[in-house]
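A.B. asks: below is the sequence, then the predicted model.
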Amino acid sequence: MKQIAWKTLPARIYRDGDLYDTERRQIFARSWLLVAHASQLQETGEYLAVTAAGYPLIVVRGENHAIRAFHNVCRHRAGPLANDGRGKCEGNFVCMYHGWRYSFDGRLIGARDFGAAEGFDPREYALLSLRCETWRGFVFINLDRDAVPLSKLIAPLDARAKHIPLEDFRFAKTTSHDLLCNWKTYAENFLEAYHIPQIHPFLNSAIDSTKFEIDVSPPCVFYLAPRRDDSPVSGLWAWMWPCLSVNVYADGVLMERIWPLSATATRLDYLYLFPEGVEPAVVERTIKASETTTFEDKAICEAVQRNLDAGVFETGCLSPKHEQGVAWFQSEVKRAINLV
C-alpha cells in the first residue's frame with residue numbers, strides 16, 4: 001500500500017522576517033534549550049553567557065554549588081552583565097554599563113553611586129530568572145515559567161542514551177559555524193538521511209545508509225544506521241525539539257545547538273564532550289569528521305536557501321520512506337505558529 005507524500009511548508013516560511021519574530025516568541029521562548037555542560041561551570045562564579053534566538057542568557061555556578069540562569073540584562077537600563085562566552089566573576093555580577101552589582105542568586109546588592117531616590121526598592125530590581133534544569137550533566141533553560149518539566153520532555157532521549165556513560169563525559173571543545181540559511185532549512189537537513197549518499201561521501205562510507213532506521217518519538221527523532229569498520233561515527237543521531245541535535249560518536253558526543261539569528265541566518269554552536277582519558281588523537285579525529293560533514297551541510301543548506309529566496313519554489317513533497325522526521329517537524333512548526 002502506497003503512503004502519502006506530505007506537502008512541505010510554503011517557501012515564504014523560510015524567509016519571512018515577521019515570522020522570525022513570531023518563532024522567537026512562540027517556539028524558542030517556550031522550549032527547553034541546552035546552554036551548557038556542568039563541567040564548564042565547576043567553580044563558584046564561573047558563568048557562560050549565550051544569545052539564543054535573540055535572547056541574551058547567562059548561567060552561573062553560585063553558592064552551594066547551585067547552577068542558576070538569568071536574562072543577561074541589568075534591571076537598570078538593560079546593560080549586559082557579561083559578553084557572550086565563558087568567564088568567572090569574583091563574588092558577584094557587575095553590569096558592564098553602570099556597575100550595578102548582583103549576587104549569584106539574582107538579588108540586586110549594589111546600585112553604584114545611584115543617589116538617594118524616594119520609592120526605589122532594590123528588592124524590586126532583581127535579575128529576571130529563568131527555569132534551569134540539568135539532565136545527565138547538561139544544563140537546560142526555559143524562558144517559560146509554566147513549562148513542562150525537562151525530565152518529562154527528554155524521556156525519549158534519556159531512554160535511548162542509557163547505554164552511553166554521559167556522566168563520565170567532560171567538556172572538550174566548542175566551535176561555531178554561521179550559515180546563511182533559515183534555522184528550519186538546517187534543522188530539516190539534519191532530520192533526514194535521504195541526502196547522505198549525495199552530499200556526504202565520508203559519512204556514507206562510514207555507515208550503511210541503505211539500512212537507516214527512523215524513530216519519531218515526540219519531541220525527539222532518532223536515526224540509527226549500521227557502522228562500518230572503525231569509523232569514528234557510531235551510527236546514532238538524535239534530535240529534540242526545537243533546536244538540539246545529538247551526534248553520538250564511537251568515543252564521544254557532540255551536542256549541536258541551532259540558534260536562529262534572523263529569518264535567513266543561523267548559528268551552529270557545537271559542544272564536544274569525551275570521557276576522561278581519551279587520547280588527543282581520537283578527539284582530533286572525531287572533530288575532524290564532524291567538521292567535514294558540517295562543511296558539506298553548510299554548502300547545500302545555503303544553496304537551498306538561495307532557491308527558497310528566489311521566489312520560484314513554492315511547495316514540494318516529502319518522502320514517506322525517508323522524511324518522516326521532517327514531516328513531524330513541519331507539523332510542529334505549523335502548530336506552534338498557528339499556521340493554517
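C.D. replies: Yep, that arrived.

A.B. asks: and the end-to-end length of stretch 317-329?
C.D. replies: Across stretch 317-329, the terminal residues are separated by 14 Å (CA to CA, to the nearest Å).

A.B. asks: could you check how far Trp328 is from Gln26?
C.D. replies: Using CB to CB, to the nearest Å, Trp328 is found at 18 Å from Gln26. For every residue, glycine as well, the C-beta is placed using N, CA and C.

A.B. asks: name the residue in those two with the higher neighbour count.
C.D. replies: Shown here are Trp328 and Gln26; by other CB atoms under 10 Å, Trp328 has more neighbours (20 against 16).

A.B. asks: who are the packing partners of the helix or strand containing the more buried one?
C.D. replies: Assigned by DSSP states H and E, Trp328 belongs to helix 324-337. Packing partners of helix 324-337 (3 or more CB pairs under 8 Å, 6 or more residues apart in numbering; DSSP states H and E): helix 17-26, helix 183-190, strand 213-217, strand 220-224.

A.B. asks: is it possible to get a markdown table of the ones you listed that adds distance to Asp269?
C.D. replies: Converted to a markdown table, those look like this (distance: least, CB to CB, whole Å):
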| stretch | distance to Asp269 |
| --- | --- |
| helix 17-26 | 17 |
| helix 183-190 | 12 |
| strand 213-217 | 25 |
| strand 220-224 | 20 |
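
A.B. asks: find the centremost residue of the protein, please.
C.D. replies: Centroid-nearest residue in the chain: Arg257, 2.5 Å away (criterion: CA atoms, centre = their mean).

A.B. asks: most packed of the helices and strands packed on helix 324-337?
C.D. replies: helix 183-190 (a mean of 23; mean count of other CB atoms under 10 Å).

A.B. asks: what is the mean pLDDT for that helix?
C.D. replies: Helix 183-190 carries an average pLDDT of 98.

A.B. asks: show me what it is packed against.
C.D. replies: strand 233-240, strand 253-262, strand 265-275, helix 280-309, helix 324-337.

A.B. asks: run the last query once more with 7 Å
C.D. replies: For helix 183-190, the packing partners by 3 or more CB pairs under 7 Å, 6 or more residues apart in numbering; DSSP states H and E come out as strand 253-262, helix 280-309, helix 324-337.

A.B. asks: can you redo those as a markdown table with mean pLDDT and distance to Pro10?
C.D. replies: Listed next are the helices and strands packed on helix 183-190 as a markdown table, based on pLDDT from 0 to 100; distance: least, CB to CB, whole Å:
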| stretch | mean pLDDT | distance to Pro10 |
| --- | --- | --- |
| strand 253-262 | 96 | 18 |
| helix 280-309 | 94 | 10 |
| helix 324-337 | 96 | 10 |
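
A.B. asks: just these: most buried one?
C.D. replies: It is strand 253-262: most buried of the helices and strands packed on helix 183-190 by mean count of other CB under 10 Å, with a mean of 20.

A.B. asks: can you tell me the strand partners of that strand and which way each runs?
C.D. replies: Strand 253-262 has the following strand partners under DSSP bridges: strand 244-249 (antiparallel), strand 265-275 (antiparallel).

A.B. asks: got CSV for those, with mean pLDDT, mean neighbour count and distance to Trp135 too?
C.D. replies: Below are those laid out as CSV (pLDDT from 0 to 100; neighbours: other CB atoms under 10 Å; distance: least, CB to CB, whole Å):
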stretch, mean pLDDT, mean neighbour count, distance to Trp135
strand 244-249, 92, 21, 11
strand 265-275, 95, 20, 13
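
A.B. asks: angle of the helix or strand harbouring Arg170 against strand 265-275?
C.D. replies: Assessed by DSSP H and E, Arg170 sits inside strand 169-179. On the basis of axes from the mean of the first three to the mean of the last three CA atoms, to 10 degrees, strand 169-179 is oriented at 160 degrees to strand 265-275.

A.B. asks: who are the packing partners of strand 169-179?
C.D. replies: Using 3+ CB pairs under 7 Å, 6+ apart, strand 169-179 is in contact with strand 265-275, helix 280-309.

A.B. asks: quick one, the shortest one and helix 183-190 angle?
C.D. replies: Okay, so that is strand 265-275. 40 degrees.

A.B. asks: how about Val60: what's its closest non-neighbour residue?
C.D. replies: Residue nearest to Val60 in three dimensions, not counting chain neighbours: Tyr47, with 4.2 Å by CB to CB, 6 or more residues apart in numbering.

A.B. asks: in terms of helices and strands, where is His109?
C.D. replies: Actually, residue 109 is Ile rather than His. Here Ile109 is assigned to strand 108-110, by DSSP H and E.
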